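[1] Curious how this folds, go ahead:
(4 chains)
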2 protein chains.
Amino acid sequence: MAGRGGYAKGIAKREEILLTALDVIARHGYRGASVKEIADAVGLSQAGLLHHFDSKEHLFVEVLRRRDELDTATALAAFAERGVGGALDAFVDVMRSNAEVPGLVLLYSALAVEAADPAHAAHAYFRERRGMFRAALSGGIRQMQADGDVDAALDPDTLATAIHALADGLQVHSLIERDLDMARVIEHVVGAMSPRDASEEPSTP
Amino acid sequence: MAGRGGYAKGIAKREEILLTALDVIARHGYRGASVKEIADAVGLSQAGLLHHFDSKEHLFVEVLRRRDELDTATALAAFAERGVGGALDAFVDVMRSNAEVPGLVLLYSALAVEAADPAHAAHAYFRERRGMFRAALSGGIRQMQADGDVDAALDPDTLATAIHALADGLQVHSLIERDLDMARVIEHVVGAMSPRDASEEPSTP
DNA sequence: ATTAGAAACCGAATGGCGTACGGTATTCGT
DNA sequence: ACGAATACCGTACGCCATTCGGTTTCTAAT
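    Sure thing, here's the model as predicted:
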């Protein structure tokens, strides 16, 4: 069991662990990010670290959950400021900035695959996350279709599924091909989805 | 070291191991596919199994290499028969049939992430494979642009990168969302890339 | 048909892994 | 200042991939 909702010291330590875990992953790779390595990095024994989290898996999932909170806040703010088109831009921006957090893409991709096992702590996380994400994305696409920014002939749900998969696939590829500009690829593809008569070529209006 | 190029018995056993490995992955998941499990399934000790392959990683990479040989043969045959457009169809077909091999998508996705580690046996494999695959794909796209089947305003290299990432991302997603029709999504996206004046509907409904 | 050497295979051991358990020390509301 | 909840540790367990030395089996050359 994890010592949840405890003393100030414990809360601070838990926070430190979450931050340090990403650091260790960035430096040692996902395989090298053992409980011992992370425990050493925060000055705890292995048992001491596992006191704060149910398991190593749960710790990692918690790291992603924290990141999600930041990201959705950013996206919602962009939506409030700039509307639907701004939200899609914000999505690309979030992806761009997350790609610069060392270890984060590695952790996300690794867990996304491990989550295939229904017994894995990340299974439920990814299931619900994908539902939420795709619902929001397809909603945004529908709005953009109404605004004439996306071809109305395309199916919003299928498109949302595709963009989400594209984003995750690019992350996996970027692990090896480190100069891969994910945001640029996505922007290019999304640009191809806009109605041809409206934009693309600046011919006489 | 591996007992390569040996007696008939060894060659047969190695083949059996490669087939059985996929079976074990399908039944026990990637995490459950330990050397012991696979060794038991083929009637060997762990040491006996490792005699045939340099490591567990190398064994898994070999499974993927074999599959690639089959797939490229299929794709080349389709190209010879049906030309460039047929090759893209063949690519989708190959994806569709591979998705029905239990364990294969799981193995591929798991290794694709583990290959982030330069020391991993799959690192070189995925590096070279992506180069080949994208070169072929972008070449095909260029041809289809010349034929008027793909919008000429799109960048072939970027598009090839996107489609490849999309395919891999869909595979990861399908691990959890098992009713996800990957081929359908890809066909829908590819259909959206065709010139608008040419076809009214983006793809077959 | 024999034989020498390569290949196939095994038992046991090694070091690392995540985690469960029992116990001690620290914290902090009361 | 008390005591229960929390923080933390040493130890141990079972599983993992891999290594090593040794034995059996195969087969090509004699």
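[2] Let's verify A:Val101: helix, strand, or coil?
    On the three-state scheme (DSSP: H, G, I helix; E, B strand; the rest coil), A:Val101 is labelled coil.
[3] what number of residues lie near it?
    Neighbour count of A:Val101, defined by other C-beta atoms under 10 Å in any protein chain shown: 14. C-betas here are computed from N, CA, C, even on glycine.
[4] A:Leu22 is in contact with that one, correct?
    Yes - contact criterion C-beta atoms under 8 Å: A:Val101 and A:Leu22 qualify, at 6.9 Å.
[5] Let me know the distance separating the residue of chain A found nearest chain B from DNA strand D.
    The minimum distance from chain A to chain B, using C-beta to the nearest C-beta, falls at A:Gly169 (2.7 Å). Distance, A:Gly169 to DNA strand D, by C-beta to the nearest atom of the strand, to the nearest Å: 27 Å.
[6] Verify the contact between that residue and B:Gly169 for me.
    Yes - with contact defined as C-beta under 8 Å, A:Gly169 counts as touching B:Gly169 (2.7 Å).
[7] What is the neighbour count of the nearest residue to A:Glu114 once chain neighbours are set aside?
    Take A:Glu114 and drop its neighbours on the chain: the residue closest to it by C-beta to C-beta, 6 or more residues apart in numbering or on different chains is A:His120, 5.3 Å away. Using other C-beta under 10 Å, A:His120 is surrounded by 19 other residues.
[8] State the pLDDT value of A:His120.
    With respect to pLDDT, A:His120 has a value of 98.
[9] do A:Glu201 as well
    pLDDT for A:Glu201: 46.
[10] what's A:Asp181 sitting at in phi/psi?
    With angles defined as degrees, to the nearest 10, A:Asp181 sits at phi -90, psi 90.
[11] Could you check how far it is from A:Arg134?
    Distance, A:Asp181 to A:Arg134, by C-beta to C-beta, to the nearest Å: 24 Å.
[12] now swap in A:Ile141 and tell me
    10 Å.
[13] For these two, list the residues in contact with both.
    Residues touching both A:Ile141 and A:Arg134 (C-beta atoms under 8 Å, 6 or more residues apart in numbering or on different chains) are A:Ala160.
[14] The two: which is more packed in?
    A:Ile141 (24 against 20).
[15] secondary structure element for that one?
    Here A:Ile141, judged by DSSP states H and E, is contained in helix A:121-146.
[16] buried set for that helix?
    By neighbour count on 16 or more other C-beta atoms under 10 Å in any protein chain shown, the buried set for helix A:121-146 is A:121-123, A:125-126, A:129-130, A:133-134, A:136-138, A:140-145.
[17] right, is the lengthiest helix in chain A up against DNA strand D?
    Using DSSP state H to define each element, chain A has its longest helix at helix A:56-98. No - using C-beta under 7 Å from any atom of the strand, helix A:56-98 stays clear of DNA strand D, coming no nearer than 12.0 Å.
[18] helices and strands around that helix, which ones?
    Under the contact criterion of 3 or more C-beta pairs under 8 Å, 6 or more residues apart in numbering or on different chains; DSSP states H and E, helix A:56-98 touches helix A:8-32, helix A:104-114, helix A:121-146, helix A:182-192.
[19] Serialize these to a markdown table and add fields for distance to DNA strand C.
    Compiled in a markdown table, the helices and strands packed on helix A:56-98 are given as follows (distance: least, C-beta to the nearest atom of the strand, whole Å):
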| stretch | distance to DNA strand C |
| --- | --- |
| helix A:8-32 | 4 |
| helix A:104-114 | 12 |
| helix A:121-146 | 8 |
| helix A:182-192 | 28 |
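[20] could these go into JSON lines alongside distance to A:Leu49?
    Output for these, formatted as JSON lines (distance: least, C-beta to C-beta, whole Å):
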{"stretch": "helix A:8-32", "distance to A:Leu49": "7"}
{"stretch": "helix A:104-114", "distance to A:Leu49": "17"}
{"stretch": "helix A:121-146", "distance to A:Leu49": "16"}
{"stretch": "helix A:182-192", "distance to A:Leu49": "32"}
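[21] so which of those helices comes closest to A:Ile176?
    Smallest distance to A:Ile176 across these (C-beta to C-beta): 10.8 Å, for helix A:104-114.
[22] from memory A:Val42 sits against A:Glu16, does it?
    Yes - under the criterion of C-beta under 8 Å, A:Val42 makes contact with A:Glu16 at 5.5 Å.
[23] And the two? Which one has more around it.
    Per other C-beta under 10 Å, whichever of A:Val42 and A:Glu16 has more neighbours is A:Val42, with 19 against 15.
[24] Need the nearest residue in space to that one, chain neighbours excluded.
    Nearest-residue entry for A:Val42: A:Thr20, 5.0 Å, with adjacent residues in sequence omitted and distances by C-beta to C-beta, 6+ apart.
[25] Am I right that that neighbour is in contact with A:Asp40?
    No - contact criterion C-beta under 8 Å: A:Thr20 and A:Asp40 do not qualify, at 9.8 Å.
[26] Which one of these two is surrounded by more residues?
    For A:Thr20 and A:Asp40, the more surrounded residue by other C-beta under 10 Å is A:Thr20, and the numbers stand at 18 against 15.
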